[in-house]
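K.L.:
Need a 3D model of the following:
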Amino acid sequence: MREIKFKACKFLDFQDNYTAKKVLIGTKNGNKVSWERPIIDSSYPPLVQFCTKRGRLNSPEMCLCKSNAQCSDYSDFNHCVNIKMT
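P.N.:
Model prediction:
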């Protein structure tokens, strides 16, 4: 396990309630966490975010910074997320 600390919207959900797995992604604002879903159909994006207000967001960088906010509820928060490194 590796602990990743980053700033993103406080409404992003990184609880282990999904069949997707947490993965580390590089963004222009540093390393952050996204979700990788099993590929069921090529029409579904494999990398997504989950929001407690809006549900699944079909972009891995959605709401990781204010410029990529999905809605007007964006609020900066310091996340501390544990992910399995493979």
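
K.L.:
ok, now how distant is Cys65 from Pro38?
P.N.:
Distance from Cys65 to Pro38, counting by C-beta to C-beta, to the nearest Å: 27 Å. Every C-beta, even on glycine, is put in place using the N, C-alpha and C of the backbone.

K.L.:
which non-adjacent residue is nearest Val23?
P.N.:
Nearest residue to Val23, sequence neighbours excluded (C-beta to C-beta, 6 or more residues apart in numbering): Glu36, at 4.6 Å.

K.L.:
out of Cys65 and Pro38, which sits in the busier spot?
P.N.:
Shown here are Cys65 and Pro38; by other C-beta atoms under 10 Å, Cys65 has more neighbours (19 against 9).

K.L.:
List the residues that contact that one.
P.N.:
Neighbour list for Cys65: 7-8, 27, 29 [criterion: C-beta atoms under 8 Å, 6 or more residues apart in numbering].

K.L.:
mind redoing it with 10 Å?
P.N.:
The contact partners of Cys65, taken as C-beta atoms under 10 Å, 6 or more residues apart in numbering, are 6-9, 27-30, 32, 74, 76.

K.L.:
Would you check how far apart it and Met85 are?
P.N.:
From Cys65 to Met85 the distance is 23 Å (C-beta to C-beta).

K.L.:
before we move on, what about Ile4?
P.N.:
For Ile4 relative to Met85 (C-beta to C-beta), the value is 10 Å.

K.L.:
Ok, Ser42 next?
P.N.:
27 Å.

K.L.:
mind checking the SS state of the residue positioned nearest the centre of the chain?
P.N.:
When C-alpha atoms, centre = their mean is applied to the chain, the residue found nearest the centroid is Ser34 (3.4 Å). Under DSSP: H, G, I helix; E, B strand; the rest coil, Ser34 falls in the strand class.

K.L.:
Quick check: pLDDT value at it.
P.N.:
Looking at Ser34, its pLDDT is 97.

K.L.:
And the average pLDDT for stretch 49-65 is what?
P.N.:
So the average pLDDT for stretch 49-65 ends up being 96.

K.L.:
looking at the sheet around Cys80, what are its partners?
P.N.:
Lys5 (DSSP bridges).
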